[in-house]
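**Student:** Task: produce atomic coordinates for the following.
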Amino acid sequence: MLPLSQVRREQLAGHRRVTVIPNFVDGDWPRRAPDRTAARATLGLADDAFVVLCPRRLTPKNGVVYALEAMDLVRNGEVEWPADRRPLLVVVGTGEQWPAVQAFVRQRGLAPFCRLEGGRPHEAMAVYLRAADAVVIPSVHAAGVEEATSISALEAMVFGVPVVASAVGGLKEIIRDGETGLLVPQKRPDALARALARLAAEPSLARRLAEAARAYVLAHHSHLAAAARFLHIYGQATAQVG
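**Tutor:** Presented below is the predicted three-dimensional model:
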C-alpha cells in the first residue's frame, strides 16, 4: 500500500467511491506473547542490556546499515550513552544485504553491540518484541521506493515498544514525533543514535511514547478498527444500492 502522502489527494477530493483503509495488525497479539522476563531468558539477553530491535528485511530501502552505523557511533563514544544501560542492537531479518551487514559488524568490531539473528518466522517475533526496549525502523528512499504503512512499526507500537523511525513515507503518518514515537531524518545514523540514547536515558519518556503508540494503533490500526471500517463501507454501499 502506498502512503497516503503519495496519493494525489486532489484526485480523491469529491470522489466518494474512493476509501483508504490503512494497514492493520492484530491488537490481541501481545496478550498471547510471553512476558518480558521469559522472553529475555529465551533469547539469552542480559538484564542490563538496552535492547534495540531492528525487525527488517536486509534490503536498501529498509536502511538497516544506518542502524548499524548508529551503534558504531555509540561504540566509539561519539554519541553519549547511559553507563548503566548496555546497548545491544538485535537485527532480525535476511536479504540481499546479508553478506555486507555481516562484513560491517565484523570489520567494525560490533559483535558485542550487535546480534544478527537472520530470518525468523513471523510468530517468533512476539518474543523479540516483548524483549525489546526500543524498535528502530531506519527506512530510506531507495531506487524510487519509500516505506509505506510499516507493519513492523505498527507491531512494535501495539506491543507497547517505543519506536525510533526515519521521517519518510507512511512512517510520518503513523508516528507523531514526540507523541507516539521519535522521528529522525533519513540516512542520519547520528540522529538515530541520539534518539535511542535518549530513550535509554529517559525511561519515563519511553513509557509515555509506548503507551500513546499502543493506544493509537488500537484505535486506528488494529484488526478490530479495520473491521469496523469495512463494515461501515459495506453498510454505506448496501444503503446506496437499496
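
**Student:** Nearest the geometric middle of the chain, what residue?
**Tutor:** Ala153 (3.0 Å; CA atoms, centre = their mean).

**Student:** who's in contact with that one?
**Tutor:** Neighbour list for Ala153: Val135, Ile137, Val163, Ala165, Leu171, Ile174, Ile175, Gly181 [criterion: CB atoms under 8 Å, 6 or more residues apart in numbering]. Heads up, the C-betas are built off the backbone N, CA and C, glycines and all.

**Student:** Count the neighbours of the last one for me.
**Tutor:** Residues within reach of Gly181, counting by other CB atoms under 10 Å, total 28.

**Student:** With the first one instead?
**Tutor:** Residues within reach of Val135, counting by other CB under 10 Å, total 28.

**Student:** Quick check: it vs Leu205, distance?
**Tutor:** Distance, Val135 to Leu205, by CB to CB, to the nearest Å: 15 Å.

**Student:** right, and the helix or strand after the lowest-mean-pLDDT helix or strand in the chain?
**Tutor:** Every helix and strand of the chain was ranked by mean pLDDT, DSSP states H and E. The lowest is helix 9-12, at a mean of 50. Proceeding N to C from helix 9-12, the next assigned helix or strand is helix 36-43, under DSSP states H and E.

**Student:** Name the residues that touch that following helix?
**Tutor:** Here helix 36-43 has contacts from Ala33, Pro34, Asp47, Val51, Val90, Ala126, Val127, Tyr128, Arg130, Ala131, using CB under 8 Å, 6+ apart.

**Student:** Go through those and name the one nearest Gly118.
**Tutor:** Among these, Val90 lies closest to Gly118 (CB to CB), at 11.3 Å.

**Student:** how would you label the closest one: helix, strand or coil?
**Tutor:** strand (DSSP: H, G, I helix; E, B strand; the rest coil).

**Student:** what's near enough to touch it?
**Tutor:** Leu43, Val51, Val52, Leu53, Cys54, Cys114, Arg115, Glu117, Tyr128, Ala132.

**Student:** per-residue pLDDT, it?
**Tutor:** The model reports Val90 with a pLDDT of 98.

**Student:** Ok, Leu209 next?
**Tutor:** 98.

**Student:** isn't it right up against Leu182?
**Tutor:** Yes. Between Leu209 and Leu182 there is a contact under CB atoms under 8 Å: 7.1 Å.

**Student:** Now list whatever residues contact both of the two.
**Tutor:** Common neighbours of Leu209 and Leu182 (CB under 8 Å, 6+ apart) are Pro162, Val163, Leu199.

**Student:** Same list (those residues) but as CSV, adding neighbour count.
**Tutor:** Formatted as CSV, these follow (neighbours: other CB atoms under 10 Å):
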residue, neighbour count
Pro162, 26
Val163, 28
Leu199, 24
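
**Student:** Right, I'll leave it there.
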